[in-house]
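J.: Provide a 3D model corresponding to the input given below.
(4 chains)
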Protein chains: 2
Amino acid sequence: MIDQGISKQTLQRLPFYLGYLKTLDKVTVETVSATTIAEALNLNQVQVRKDLASVCSLGRPKIGYVTQELICEIEHFLGYDNAESAVIIGAGKLGKALLGYRGFEEYGLNIVAAFDADENVVGTEENGKKIFPMSKLKNLCERMKIHIGIITVPAEYAQRVCDSLVESGILAIWNFAPVHLTVPEHILVQNENMASSLAVLSKHLSQKFSEEAQKIG
Amino acid sequence: MIDQGISKQTLQRLPFYLGYLKTLDKVTVETVSATTIAEALNLNQVQVRKDLASVCSLGRPKIGYVTQELICEIEHFLGYDNAESAVIIGAGKLGKALLGYRGFEEYGLNIVAAFDADENVVGTEENGKKIFPMSKLKNLCERMKIHIGIITVPAEYAQRVCDSLVESGILAIWNFAPVHLTVPEHILVQNENMASSLAVLSKHLSQKFSEEAQKIG
DNA sequence: TAGATTGTTAATCGATTAACAATC
DNA sequence: TAGATTGTTAATCGATTAACAATC
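T.: The predicted structure follows:
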């Protein structure tokens, strides 16, 4: 058993490495050093080396890593080469935007359908993907062996939707609703937490302004 | 000067506390203890108390915190009561979804307009908000004293857009493009990192499956 | 050989958690 | 008074960074 000991932080940095590596010219940049990557992404060299060590086992002194190999290994590690299917619950603005976003396939995520409680939305399509009534959720998930659920409903419905997903055999939940979800131990919830991000942004600003004020005052 | 020493982690938990507190019945739940909050959100009691201590200075033994006061104080701390204006660059699916999302106002974010390089989109509206050509960015930001820029363009254009934003006097950037942005020291970049989230989700699944396989094998 | 770069071991740093005294 | 709950001080834990030996 490998990769038992990879930290969440490392995991979250890997897509950044991948993104950077892909910007490099395959022909001229055959190899790349941790130093170079670190500089480009504003990270510590040692951190980059440690992160990469948990994914691949190459890396030669004086030379670095073979760019193309590294890309393949990270992609493989992240599972980009064998896509997981997912469903979206909540076909509002955000849900539809995610349904329509083609970039996810590149990341190994295949959104197959959406579900909504609103009868006016049910039956319509977005980006060629159908929107079903909630009553069909469990059956479809089980039949298609779907393990990822994406929650894009308003906060007040999120926990109920979450429970339905768990009941439908979902193992991992990507939660866009700004609430804490309670789930059984074996289920993973990854919060995409816009409110938290905004908190960081707005605090940065208010601090900037109070610094300014102090300088002047 | 207060709040110099608040950690990013604390800051990111505050919206969760707020969300939970708002679900409580104002009439019956006059006060709330850190213990209760911690249990509801699956956090450590002491952590909740420390977080709250950095925002408010009440909290009475045996009683806890006055719910309504706590809500107000957190909202004030997060700046929800004096909204910041923002612009979106990139009026694709995601950009439009964010433009149309009314929830941000509740979080103290007021998106005033969008910008796009595509002539076909320029001039149209979304949720009553106009989409302008990139050439008007700087002028509008300066005139309206806008300090937050939201980047929803494809990865390859993100750095260029970022540079334009910095030039236009933006102080904080909310980046939805899956790339690292290089900015001057005083500018804050908050990455809304879908690729990273997906990495966490898909790794959880592949680990689950390899555990299963081991049990059987 | 000299220098760049690797991977590892140890030190530092910061956040979380545990223990405890203070208070209503 | 006894018990619940607070806030603080100390211990633990994990991640980042620094120092260094190994190697091409």
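J.: Looking at chain A, which residue is nearest DNA strand C?
T.: At 2.7 Å from DNA strand C, A:Gly59 is the closest residue in chain A, using Cβ to the nearest atom of the strand. Backbone N, C-alpha and C define where each C-beta goes, glycine included.
J.: Can you give me the neighbour number for that residue?
T.: 16 (other Cβ atoms under 10 Å in any protein chain shown).
J.: can you give me the strands in chain A?
T.: Secondary structure of chain A, counting by DSSP state E: strands at A:31-32, A:65-66, A:84-89, A:109-116, A:125-126, A:129-133, A:148-151, A:172-175, A:188-191.
J.: With respect to burial, which of the ones you listed scores highest?
T.: strand A:148-151 (a mean of 26; mean count of other Cβ atoms under 10 Å in any protein chain shown).
J.: export the strands of chain A to a markdown table and tack on mean pLDDT?
T.: A markdown table is the format used below for those (pLDDT from 0 to 100):
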| stretch | mean pLDDT |
| --- | --- |
| strand A:31-32 | 94 |
| strand A:65-66 | 94 |
| strand A:84-89 | 97 |
| strand A:109-116 | 97 |
| strand A:125-126 | 94 |
| strand A:129-133 | 97 |
| strand A:148-151 | 98 |
| strand A:172-175 | 98 |
| strand A:188-191 | 96 |
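J.: okay, these in JSON lines with distance to DNA strand C next?
T.: Shown next, in JSON lines, are those (distance: least, Cβ to the nearest atom of the strand, whole Å):
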{"stretch": "strand A:31-32", "distance to DNA strand C": "7"}
{"stretch": "strand A:65-66", "distance to DNA strand C": "6"}
{"stretch": "strand A:84-89", "distance to DNA strand C": "28"}
{"stretch": "strand A:109-116", "distance to DNA strand C": "28"}
{"stretch": "strand A:125-126", "distance to DNA strand C": "37"}
{"stretch": "strand A:129-133", "distance to DNA strand C": "37"}
{"stretch": "strand A:148-151", "distance to DNA strand C": "23"}
{"stretch": "strand A:172-175", "distance to DNA strand C": "19"}
{"stretch": "strand A:188-191", "distance to DNA strand C": "14"}
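J.: closest to B:Gly92 out of the ones you listed?
T.: strand A:125-126 (14.3 Å; Cβ to Cβ).
J.: low-confidence ranges in chain A?
T.: Chain A contains residues with pLDDT under 70 at A:1-4, A:217.
J.: which stretch among the strands of chain A comes nearest B:Pro184?
T.: Comparing these by Cβ to Cβ, strand A:31-32 comes nearest, at 26.0 Å.
J.: Given the closest one, what are its sheet partners and their directions?
T.: Sheet pairing of strand A:31-32 (DSSP bridges) gives strand A:65-66 (antiparallel).
J.: Report whether the partner strand contacts DNA strand D.
T.: No. Contact of strand A:65-66 with DNA strand D is not found when judged by Cβ under 7 Å from any atom of the strand; the minimum separation is 12.7 Å.
J.: Over to stretch A:7-25?
T.: Yes. Stretch A:7-25 lies within reach of DNA strand D by Cβ under 7 Å from any atom of the strand, at A:7-10.
J.: how far is that stretch from where the chain is centred?
T.: Relative to its parent chain, stretch A:7-25 has a centroid offset of 12 Å by Cα atoms, centre = their mean, to the nearest Å.
J.: Now do the closest residue to A:Val55 other than its chain neighbours against A:Tyr17, distance only.
T.: Spatial nearest neighbour of A:Val55, chain neighbours left out: A:Phe77 (4.7 Å); criterion: Cβ to Cβ, 6 or more residues apart in numbering or on different chains. A:Phe77 is 11 Å from A:Tyr17, where distance means Cβ to Cβ, to the nearest Å.
J.: Same check on A:Leu137?
T.: Distance from A:Leu137 to A:Tyr17, by Cβ to Cβ: 36 Å.
J.: Likewise for A:Tyr107?
T.: Applying Cβ to Cβ, the value for A:Tyr107 to A:Tyr17 is 14 Å.
J.: can you check A:Ile37 too?
T.: Counting by Cβ to Cβ, the gap from A:Ile37 to A:Tyr17 is 6 Å.
J.: can you check A:Pro178 too?
T.: Per Cβ to Cβ, A:Pro178 is found 30 Å from A:Tyr17.
J.: Could you do A:Leu41 as well?
T.: When distance is defined by Cβ to Cβ, A:Leu41 is 7 Å away from A:Tyr17.
J.: got it, and A:Val66?
T.: Taking Cβ to Cβ as the measure, A:Val66 and A:Tyr17 are separated by 14 Å.
J.: before we move on, what about A:Glu106?
T.: A:Glu106 sits 15 Å away from A:Tyr17, going by Cβ to Cβ.
J.: Next: A:Glu119.
T.: 45 Å.
J.: of these two, who's got more company?
T.: Using other Cβ under 10 Å as the criterion, A:Glu119 and A:Tyr17 rank with A:Tyr17 on top: 24 against 8.
J.: For the more buried one, list the residues it contacts.
T.: A:37, A:41, A:48, A:51-52, A:70, A:74 (Cβ atoms under 8 Å, 6 or more residues apart in numbering or on different chains).
J.: swap in A:Val161?
T.: Counting by Cβ under 8 Å, 6+ apart, A:Val161 touches A:89-90, A:151, A:153.
J.: ok, and for stretch A:204-211, which residues are buried?
T.: For stretch A:204-211, the neighbour count (16 or more other Cβ atoms under 10 Å in any protein chain shown) marks A:204-206, A:208 as buried.
J.: That stretch and chain B in contact?
T.: Yes. Stretch A:204-211 reaches chain B (Cβ under 8 Å from any Cβ of the partner chain) through A:204-208, A:210.
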